[in-house]
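Novice: with the input below, show me the fold.
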Amino acid sequence: MEKPCFLLSFCCFLLFFLGCLSCPEHQKQALLQFKSSILAIVPSLNSFNSGLQSWISSSDCCRWDRVICNDSPNSTSSRVVTDLYLRNLFGDLSPQPWVESTMLAPLFHIRTLERLDISENNIQGDIPGIGFANLSSSLVTLVMDETNFSGCLPPQLFHLPLLRFLYLDGNSLSGPLPVEIGNLTSLEWLSLSGNHLSGSIPPQLFHLPFLRYLYLDDNSFNSGEVRLDDDEEIGNLTTIMLDLSLSRNKFSDAMLLSVLCLKGLYLLDLRYNDLSMEIPSEIGNLLPNIYFLALSGNRLTGGIPPSMQKLNNLEGLYLQNNLLTGEIPSWLLDFKGLRSLYVGGNRLIYNNSVKRAQNTNLFGLSLKSCGLFGEVPKWISTQTGLYFLDLSKNKLQGAFPQWFFEMSSLTILILSENEFTGSLPLDLFSRLNVLEVLALSRNNFSGELPKDMGVSSSLKILTLSENKFCGLVPQSLMHCVQLQLLDLSRNTFFGPFPVFYPEVQQELAYIDFSYNDFSGQIPTTFPSETRFLALAGNKLFGGLPPFNLTNLSNLEHLELQDNNFTGELPDFLSQISTLQVLNLQNNHFQGLIPKSICNLSNLQILDVSNNNLTGEIPKDFCNLVGMMNEPPNSPPPNRYTFPIYHGSRWSNIENQLSLRELIVNWKKSNQGISINKLNMYTLLDLSNNQLFGQIPASLGALKALKLLNISYNKLSGKIPTSFGDLENIETIDLSHNNLSGLIPSTLTKLQQLTVLDLSNNRLTGRIPDSGQMGTMFLDPNYFANNSGLCGFQIRLPCPEDEDDGLLPPPPPTNTHEPWFLWEGVWIGYPIGLLFVIKIMFCVGYFTLSPPSID
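Specialist: From the prediction side, this is the model:
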């Protein structure tokens, strides 16, 4: 009987002991309440692996997924929740649901939390500062990156005395960094990158005694009155701070000069700021431990300081895209630990006599626009571990180097804008099988493309524009499943288009086949992710079939100009609601401009010039919101980033490829607009058609327009006074119509106007001469063939000027004046001569000799 009693006693003790070690009931209920509020939004959350399936009331919450418990500091016989890992609760669910920040409230009742991770969730609203104040006695690590929080940083967040790690990257936070940051006296790591924070950095931040890692990239901070050169002010920060990353802000030279006192720095990143000084000459002596130095994308001048030769620990040097001058020091190639050398995009000159480099371990190399000529330097062939190589914008010649095939890790290869010749190796894509970016534009490559391009399963970006490639585009190219950008423009490819496979090319966003010799009709399928589609300058014909354009829900840019399209403009174009650029010029379209095109609320550029369109200009153009408001900034398609790891975390290095410009009739001449700057231009060109009727006054509502061209039509009536509301307009061309009446005086308000062509109409009255119309240069030809106009601009007085006794300003010299001047000379010269001789006789200058006596 003793054994059963003993076992019974042991079981009772065990149940009592385990009960004491389970999490407190109030903490379990808080977690269950949080789960319940999440399920109210996404009931299916339990059906996939979210980690919350194990959160059930009948079990110990210390055994739940995403929850970690530890012994209570106040009791040896109980456990409490210390860690919550709620990162990416909704997994791959698309679209990602939004949750209110108030739903976090139950978590703030768990006052024993030491680590809280709620990152990568769509949380709407401000950071709940009052709630975090409840965790002031325990919280050590707070991870809230990529959560979409908005608003300002709450001061309560900076009253957590034990907090050592704070991650708030990738939110939408705004406003200044509060001075209360100085209260976080235990802070070691602060990451606020990728927000909208602004203002200067409070000096209290640099008083934190343990701060070692500071990341403030991608904000709008400025230097303010920052000064770090006082050792008493920043204490031991000079030696303990390791990483200082401040890229993509508005820091000035003062910041660069100030951080030189942080002698313990391993990483300094000041890329894409407002630096415009020379690189400090003593930088190599003042930052002896630096291994990652990034100053790209500024306006730094001068040369590379010799003191940098002392940076023996240097692994990454990023100086590209500045205004640096002088010769690239050869000793840079001798740093044995250097892995990344980016000095391209400056005015630096490479010493072409350099034949070798002691360092053969380069991972990334940029010598863009560094004056290289002849063959590719042989020492580059020894860098067999290269991942990134940019030799663009030089004068390199010869065939595609075969030794590239020895670089098994080569992922990004940029050789654009050189003088390479010959055809591409047939096995290029099979041997460089990890290649993601291949940029060969603007060279002299020729021949047909390799047939097996499709074997490249990793290829993402391929630019071959402005070469002499010919033949058919290999169908295998359409099997590159990761392809995102494809530019084959300005070659001599011919035949029908290759067939796209939308189910395969699910990431292809940029397609440019323009200015080749393709013929036939437009393909009927394009990848669904297409944002940019350019088929201009070919021999395409027929009407515009609906094909699958209406299914391209992301299409922003459509270029079909300079072809042989016919028929009417289809109504289905209005269904592409994302369209920003529509260029159909130089075709044979006819019929009316469909009113439905006015439903394209994002349209910024519309060019249907040089067609046979008829009818009136739709009054509904006033619905084109994209031409009424300043266009938002959107990332250009030729910009891409690639990751690098520098000791403590990953970072992105940005690069930009050269792509074809959009050619428009700008200020009376054809000009190219860079793909990167399209969002800066808004234009409407309906010229060279057969449009008639009056100009609708509603066009005056398009306040963001920079160019309005409706010349060479059959328009009649008056110029709308509402044109005076086009506050951003730079060019107005209404020439070669049948417009009549006065030129509206409201045009004098247009401060940006530089070209106004009203020639070849039937306008009358005085040309306005006040405001902008009185200050800008107006070519008299811009008013020609309007018999009723008058004013000083055309040197013709108005009748009211003569009635009032007012004369116009004296006209400048014209072609008849030289004849009148020479006539005056011929008449005046003899008369003046006789007059002078008579005076000289009168004063006795001449005396007659007496007659001689024989």
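Novice: can you classify Leu747 as helix, strand or coil?
Specialist: Recorded secondary structure, Leu747: helix (DSSP: H, G, I helix; E, B strand; the rest coil).
Novice: which stretches of the stretch 151-300 of the chain form strands?
Specialist: Assigned by DSSP state E, counting those that start in this stretch, the stretch 151-300 of the chain shows strands spanning 165-167, 172-175, 189-191, 196-200, 213-215, 220-222, 243-245, 267-269, 292-294.
Novice: so can I have a markdown table of those showing mean neighbour count and mean pLDDT?
Specialist: In short, each C-beta sits where N, CA and C put it, glycine included. Converted to a markdown table, the strands of the stretch 151-300 of the chain look like this (neighbours: other CB atoms under 10 Å; pLDDT from 0 to 100):
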| stretch | mean neighbour count | mean pLDDT |
| --- | --- | --- |
| strand 165-167 | 19 | 96 |
| strand 172-175 | 16 | 95 |
| strand 189-191 | 21 | 96 |
| strand 196-200 | 16 | 95 |
| strand 213-215 | 22 | 94 |
| strand 220-222 | 18 | 94 |
| strand 243-245 | 22 | 93 |
| strand 267-269 | 23 | 95 |
| strand 292-294 | 24 | 95 |
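Novice: so which of these is nearest Ser601?
Specialist: strand 172-175 (23.7 Å; CB to CB).
Novice: partner strands of the closest one, with direction?
Specialist: Strand 172-175 sits in its sheet next to strand 150-151 (parallel), strand 196-200 (parallel), going by DSSP bridges.
Novice: could you list the residues in contact with the shortest one?
Specialist: Looking back up the chat, that one is strand 150-151. Gln124, Gly125, Asp126, Ile127, Asn171, Ser172, Leu173, Ser174, Gly175 (CB atoms under 8 Å, 6 or more residues apart in numbering).
Novice: need those residues in CSV (columns: distance to Ser136).
Specialist: Formatted as CSV, the contacts of strand 150-151 follow (distance: CB to CB, whole Å):
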residue, distance to Ser136
Gln124, 25
Gly125, 22
Asp126, 19
Ile127, 15
Asn171, 22
Ser172, 26
Leu173, 21
Ser174, 25
Gly175, 22
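Novice: ok, so of those, who is nearest Asn689?
Specialist: Lowest distance from Asn689 to the contacts of strand 150-151 (CB to CB) belongs to Ser172, with 45.0 Å.
Novice: quick one: the closest one and Cys152 touch, right?
Specialist: No. With contact defined as CB atoms under 8 Å, Ser172 does not count as touching Cys152 (11.0 Å).
Novice: related to what we said a few turns ago, just put the strands paired with strand 172-175 in JSON lines and tack on distance to Leu778.
Specialist: Formatted as JSON lines, the strands paired with strand 172-175 follow (distance: least, CB to CB, whole Å):
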{"stretch": "strand 150-151", "distance to Leu778": "49"}
{"stretch": "strand 196-200", "distance to Leu778": "43"}
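Novice: of all those, which one is nearest Glu188?
Specialist: Between the strands paired with strand 172-175, strand 196-200 lies closest to Glu188; by CB to CB that is 20.2 Å.
Novice: kindly export the closest one (C-alpha atoms) in PDB.
Specialist: Taking Å, rounded to 0.1, in the frame of the first residue of the first chain, the C-alpha atoms of strand 196-200 are listed here in PDB:
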ATOM      1  CA  HIS A 196       9.600  60.400 -43.300                       C
ATOM      2  CA  LEU A 197      11.400  61.900 -40.200                       C
ATOM      3  CA  SER A 198      12.800  65.300 -40.600                       C
ATOM      4  CA  GLY A 199      14.600  68.100 -38.800                       C
ATOM      5  CA  SER A 200      18.000  68.000 -37.100                       C
END
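Novice: how many residues are close by the nearest residue to Lys595 once chain neighbours are set aside?
Specialist: Here the nearest residue to Lys595 in space, its sequence neighbours aside, is Pro618; by CB to CB, 6 or more residues apart in numbering that works out to 4.8 Å. Counted with other CB atoms under 10 Å, residues neighbouring Pro618 total 19.
Novice: so who does Pro618 touch?
Specialist: Contacts of Pro618 (CB under 8 Å, 6+ apart): Ile593, Pro594, Lys595, Ile597, Cys598, Pro696.
Novice: out of these, which is nearest to Leu582?
Specialist: Ile597 (8.1 Å).
Novice: burial count for the residue nearest to the closest one when sequence neighbours are not counted?
Specialist: Nearest in space to Ile597, with sequence neighbours left out and distances taken as CB to CB, 6+ apart, is Ser574 at 5.5 Å. Neighbour count for Ser574, taken as other CB under 10 Å: 18.
Novice: swap in Val499?
Specialist: Neighbours of Val499 using other CB under 10 Å come to 10.
Novice: right, and it touches Met478 too?
Specialist: Yes. Counting by CB under 8 Å, Val499 sits close enough to Met478 to count as a contact (6.4 Å).
Novice: measure the residue nearest to Lys595 to Pro502 for me?
Specialist: For Pro618, the distance to Pro502 equals 33 Å [CB to CB, to the nearest Å].
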